[in-house]
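S.K.: Curious how this folds, go ahead:
(one chain, ligands or ions: 1)
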Amino acid sequence: MIKPAYRFLRGYCLDPGFSTRLDTASINEGIYRIPFEVLKPGPIGEYVEVIDFDPASHCWYDPVDLGDEEIASQYGLPPSEGNPQFHQQFVYAVAMKTIVTFERALGRKIIWYPRRSPRLAYELYTQQLDPKIHWNLRLTHEGRLKGLPAGLLSEGYVARLRLHPHALRDANAYYDPEKQAVLFGYFVAADQFQGANYPGGLVFTCLSPDIVAHEMTHAILHAIHPLYMEDTNPDVAAFHEGFADIVALLQRFTFSEMVEQQLAMTGGRLDRYNVLGELATQFGEALAGNRGALRSMIGRWTTKDGKEEWEPLKPSPADYATTVEAHDRGALLVATIFDAFQRVYAYSTRDLLRIASNGTGVLPEGSISRELVHRLAEEAREVAEHLLQICIRALDYCPPHDITFGDYLRALITADIDAAPADDKGYRVALIEAFRARGIFPEGVKTLSVDSLRWSGPNFTNKQTKMLSSVINEIKQHIRLLVETTDRHKVYELLRETQLVCQKALLFNKQKAFKEREWEDFLNKLGLTGRPVSKLFGLDSASVRFPYNYNSYVLPIEVGTVRPAFRASREEGRQIEQVLVTLTQRVLVEIGEDGERKRTMPFRGGCSLILRLGTSNEAEYVVGTSIKSYGRFERQRKYLLGEGEGPGPSASLYADDDRPWRINFNLLHRHRADGLSK
Ligand SMILES: [Zn+2]
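M.R.: Predicted structure coming up:
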C-alpha cells in the first residue's frame with residue numbers, strides 16, 4: 001500500500017472556550033494537516049512523543065492510537081475538553097504543525113538540543129591545544145573523518161521531544177531544556193463569569209493552540225540558538241517570549257474559515273477588534289480578575305463611562321526605551337511584527353478595496369460580500385505565511401549570543417533581501433516602519449533604510465578569503481550529504497562530524513597560512529582573539545577580575561553549529577544555498593562584591609558566519625560581537641548586577657544553579673501568570 005502524504009486531524013483553531021461562544025462556535029473547529037508518519041500509541045512519532053501521566057492524581061491515561069482505523073477514518077477524535085485521548089491528539093497535531101512550519105522556512109531538519117555531551121566538548125577542547133598529537137584524524141577519500149572515538153558522534157542525541165499534556169496542576173506550561181520536554185498544566189478557572197469561561201471549570205493549557213505553538217517554539221529556538229538561554233541583556237529573554245508568540249499568532253491565519261469569519265465581522269479590517277490578534281484567550285480569561293486575552297497585541301479593552309470599549313494601541317517612538325520588563329518587551333516585539341503584518345495586508349489588498357468601493361478604497365459600513373471576504377482572507381493568509389517565513393529565516397542571520405531587537409531587525413532585512421530581492425509587496429519597508437514607530441533602532445546604524453540595515457559583507461584580505469574558502473571546501477562534501485540525508489539521527493552525526501572537520505580545517509590551515517599577527521587580525525574580524533585572556537580588554541583588563549590565572553591562556557574557539565540552509569525563495573526560480581557556522585569564545589569573569597552578590601559571569605564573543613556555496617566559496621556576512629569589547633562587557637556586567645539603566649534580570653526569572661544567568665521558562669511563565677492575576 002502507498003503511504004498517504006498527509007494525516008488529517010480535527011482540532012481547535014482557537015482556545016476551546018470559543019466553541020461555546022455563538023459568534024465563534026461554528027469556526028473554532030479546523031482540520032490540522034500534517035505530514036503522514038507511522039505512529040505508535042501515544043502518539044509517538046519521529047519528532048515528538050506524547051506521554052500522558054498526571055502526577056497530581058497518579059494516573060496514566062490510555063494513549064491514543066491514531067493508526068486505529070476507526071479514529072483515522074474520521075480525521076481523528078472529535079474535539080472534546082473532557083477526553084484525555086483528544087488532548088493527546090491535539091498536542092501532537094499542533095506540535096507537528098509548528099515543526100513543519102520551521103522546517104519549511106529553514107530548509108533543513110529540526111534536531112533537538114542534545115543532552116550534554118562532555119566527551120565531545122573535551123575532545124574539541126584538547127584537540128585545540130595540540131591538534132596534531134591528540135587525534136590521529138584522517139579524512140577518507142569520501143571526505144569522512146576516521147579515527148574518532150567510537151560512539152562519539154551520536155552521543156547526546158535526542159530523537160523526540162517529550163510532551164506531557166497533564167504534567168502539573170497549575171496555570172502554567174513550560175519548556176524544560178534539561179528534560180527536553182514540554183510540560184502542560186491544567187487548573188480550575190476562577191470562580192466568576194468571565195468571557196466564555198465556565199466558572200470553576202477546568203482549563204487545559206494543552207488545548208490552547210497558542211500555548212502549544214508557543215512552547216514548541218521555545219524548544220525549536222533553543223535547538224537553533226542554544227546561547228539565547230543566557231540572559232545577557234534586556235532583550236534576550238524578551239526575544240524568546242516575543243518570538244514564541246509571533247509564531248503562535250501568525251500560524252492562526254492558516255485557518256481560512258476562521259479568518260474569513262473574523263474579517264467579515266470587522267468589515268475586512270485588521271485594526272478593529274478581532275480574536276486573531278489575541279493570544280491564548282481562554283487562559284487569560286480563566287485567571288481571576290483578568291479581562292481578555294493573555295496579551296492583546298493590537299488593542300485593549302478599556303472602561304469609558306461605565307461602558308467597555310476596545311481601543312487600538314498606538315505605538316510611540318518611546319516604547320522601546322520605556323518598556324523594560326521582559327514580558328512587556330516581548331509583547332512589544334509581537335506588536336511590532338503584527339503591525340508590519342497589517343501594513344503589508346493593507347498594501348496588498350488596496351486594489352481589492354478600490355474595486356469593491358467604486359474607487360474610493362473605503363468600504364461603506366455594514367457587511368461586505370462573501371466573495372470579497374474570501375479574497376481578503378486569501379491575502380491575509382498569504383501575507384501571514386510569508387511574514388512568518390521571513391521571521392523564521394532571520395534566525396539564521398542573528399548573532400549566536402547576546403541578541404537585541406535591533407540585531408533582529410537587521411537579520412530580518414538581510415534574510416529577506418537574500419530570499420526575495422524584488423520585494424514587490426513591501427515586506428521590508430513595512431518591517432522598518434513598524435520598528436521605527438516603536439523606537440527600535442539597531443546600534444551603530446545611522447538611518448533606517450534597507451541598505452543601511454542590511455548586514456554588511458566582510459572585508460577580508462585575499463589571504464583570509466582564501467583561508468575561508470579552503471575551510472568551506474573541506475566541509476562542502478558534508479554539507480551536500482547533509483542536504484540529502486533524511487534520517488535525523490544520521491543528520492545529527494553528520495552535523496557533529498562537520499563541526500569537527502570545520503574546527504580541524506580552521507586550526508590546521510592557520511598553522512600553514514598565517515603568521516601570528518595575521519591570524520589575530522583574521523580572528524578579530526570574526527569577533528574572536530588568539531591573545532592571552534589576561535590582555536583581553538587591553539588596558540582595561542587590569543580592572544577585570546578573572547577567576548583563574550590567565551597569563552598565557554588562549555580561549556579555545558568553539559564551533560557551535562554548522563547548519564546548511566538550502567531553500568527556495570519567495571520569488572520563483574531562486575534557490576539559496578548557504579552554510580551557517582557559529583564560532584564563539586567564552587571567558588569567565590567574577591563580578592559583584594565579595595559575599596552574596598559575587599557571581600561568575602560567562603562573557604562571550606564570536607559570530608555567525610554565513611557562507612555561500614557554489615562555484616566560489618565566500619563568506620557573505622559575519623554577524624556577531626567582539627570578545628574584546630570592554631564596552632559590551634561592562635554593559636552586561638552592569639545589567640546582571642542591576643546597575644544598568646533599566647532594571648536588572650529579576651532573580652525570580654532565572655535558574656539559580658551552577659549555570660548562572662540561564663533563563664528558566666517555568667519561572668518566566670509563572671511570573672507572567674501572576675502578573676496578570678493582579
Ligand atoms: Zn514563553
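S.K.: how close does residue 169 sit to the ion?
M.R.: Going from residue 169 to the ion by Cβ to the ion, to the nearest Å gives 20 Å. In short, each C-beta sits where N, CA and C put it, glycine included.
S.K.: which SSE is residue 576 in?
M.R.: For residue 576, the host element (DSSP states H and E) is strand 575-591.
S.K.: Which elements pack onto that strand?
M.R.: Using 3 or more Cβ pairs under 8 Å, 6 or more residues apart in numbering; DSSP states H and E, the elements in contact with strand 575-591 are helix 405-419, helix 462-484, strand 558-568, strand 599-612, helix 630-640.
S.K.: So the residue nearest to the spatial centre of the chain, which state does it fall into?
M.R.: The centre of the chain sits closest to residue 221, judged by Cα atoms, centre = their mean, with a distance of 3.6 Å. Look at residue 221: counting by DSSP: H, G, I helix; E, B strand; the rest coil, its state is helix.
S.K.: what's the pLDDT at it?
M.R.: With respect to pLDDT, residue 221 scores 95.
S.K.: which parts of the protein sit against the ion?
M.R.: 241, 244 (Cβ under 5 Å from the ion).
S.K.: what do you get if the cut-off is 6 Å, keeping everything else the same?
M.R.: By Cβ under 6 Å from the ion, the residues of the chain that approach the ion are 214, 218, 241, 244, 665, 669.
S.K.: Got phi/psi on the second one?
M.R.: Phi and psi for residue 218, reported as degrees, to the nearest 10, are phi -60, psi -50.
S.K.: shouldn't it be in contact with residue 666?
M.R.: No. Using Cβ atoms under 8 Å, residue 218 is not in contact with residue 666, being 11.2 Å away.
S.K.: Are there residues contacting both of these two? Which ones?
M.R.: Common neighbours of residue 218 and residue 666 (criterion: Cβ atoms under 8 Å, 6 or more residues apart in numbering): residue 174.
S.K.: quick one, which of those two is more surrounded?
M.R.: When neighbours are counted by other Cβ atoms under 10 Å, residue 218 comes out ahead of the other of residue 218 and residue 666, with 25 against 17.
S.K.: secondary structure element for the closest residue in space to the more buried one that isn't next to it in sequence?
M.R.: With sequence-adjacent residues excluded and distances taken as Cβ to Cβ, 6 or more residues apart in numbering, residue 218 is closest to residue 175, at 4.0 Å. Assigned by DSSP H and E, residue 175 belongs to strand 173-176.
S.K.: Let's see that strand as PDB, backbone CA atoms only.
M.R.: Written as PDB, here are the backbone C-alpha positions of strand 173-176 (Å, rounded to 0.1, in the frame of the first residue of the first chain):
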ATOM      1  CA  ALA A 173       3.100  25.500  30.800                       C
ATOM      2  CA  TYR A 174       6.700  25.500  30.000                       C
ATOM      3  CA  TYR A 175       9.600  24.000  28.100                       C
ATOM      4  CA  ASP A 176      12.200  22.200  30.100                       C
END
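S.K.: any idea of the pLDDT on residue 134?
M.R.: 48.
S.K.: Any figure for the gap between residue 156 and the ion?
M.R.: From residue 156 over to the ion (counting by Cβ to the ion), the distance is 25 Å.
S.K.: do the same with residue 6
M.R.: 29 Å.
S.K.: quick check, residue 457 in a strand?
M.R.: No. In this structure, residue 457 is coil, not part of a strand, as judged by three-state DSSP.
S.K.: need the contact list for it.
M.R.: 619, 620, 621.
S.K.: Please repeat the previous calculation with a cut-off of 7 Å.
M.R.: 620, 621 (Cβ atoms under 7 Å, 6 or more residues apart in numbering).
S.K.: Low-confidence stretches in the stretch 151-300 of the chain?
M.R.: Applying pLDDT under 70 to the stretch 151-300 of the chain flags residues 190-200, 272-298.
S.K.: could you pull out the helices for it?
M.R.: For the stretch 151-300 of the chain, the helices defined by DSSP state H, counting those that start in this stretch cover 209-224, 234-251, 256-265, 281-286.
S.K.: Contacts for the first one next, please.
M.R.: Looking back up the chat, that one is helix 209-224. 12-14, 91, 94-95, 98-99, 102, 110-113, 161, 173-175, 177, 182, 205-206, 228-229, 240, 243-245, 247-248, 251, 279-280, 283, 395, 665.
S.K.: Output the helices of the stretch 151-300 of the chain as JSON lines; include the columns distance to residue 600.
M.R.: Shown next, in JSON lines, are the helices of the stretch 151-300 of the chain (distance: least, Cβ to Cβ, whole Å):
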{"stretch": "helix 209-224", "distance to residue 600": "22"}
{"stretch": "helix 234-251", "distance to residue 600": "18"}
{"stretch": "helix 256-265", "distance to residue 600": "50"}
{"stretch": "helix 281-286", "distance to residue 600": "37"}
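S.K.: Quick one, which of the ones you listed gets closest to residue 356.
M.R.: Shortest distance between residue 356 and the helices of the stretch 151-300 of the chain, using Cβ to Cβ, is found for helix 256-265: 12.6 Å.
S.K.: Tell me which residues touch the closest residue in space to residue 443 that isn't next to it in sequence, please.
M.R.: Among residues not flanking residue 443 along the chain, residue 406 sits closest, at 5.8 Å (Cβ to Cβ, 6+ apart). Residues near residue 406 by Cβ under 7 Å, 6+ apart: 440, 441, 442, 443.
S.K.: Can you check what pLDDT the model gives the residue in the stretch 1-150 of the chain positioned nearest to the ion?
M.R.: Of all residues in the stretch 1-150 of the chain, residue 98 sits closest to the ion, at 13.4 Å by Cβ to the ion. Model confidence at residue 98, given as pLDDT, is 96.
S.K.: looking at this protein, which residue lies furthest from center?
M.R.: Greatest distance from the centre of the chain, by Cα atoms, centre = their mean, belongs to residue 358 (43.3 Å).
S.K.: Could you report the pLDDT at residue 464?
M.R.: For residue 464, the pLDDT comes out at 88.
S.K.: who are the neighbours in contact with it?
M.R.: residue 522.
S.K.: How many neighbouring residues does the residue nearest to residue 218 have?
M.R.: Neighbour tally, residue 175, other Cβ under 10 Å: 25.
S.K.: Kindly report the same for residue 534.
M.R.: Neighbours around residue 534, by other Cβ under 10 Å: 16.
S.K.: Quick check: it vs residue 348, distance?
M.R.: When distance is defined by Cβ to Cβ, to the nearest Å, residue 534 is 57 Å away from residue 348.
S.K.: cool, and residue 325?
M.R.: Residue 325 is 35 Å from residue 348, where distance means Cβ to Cβ.
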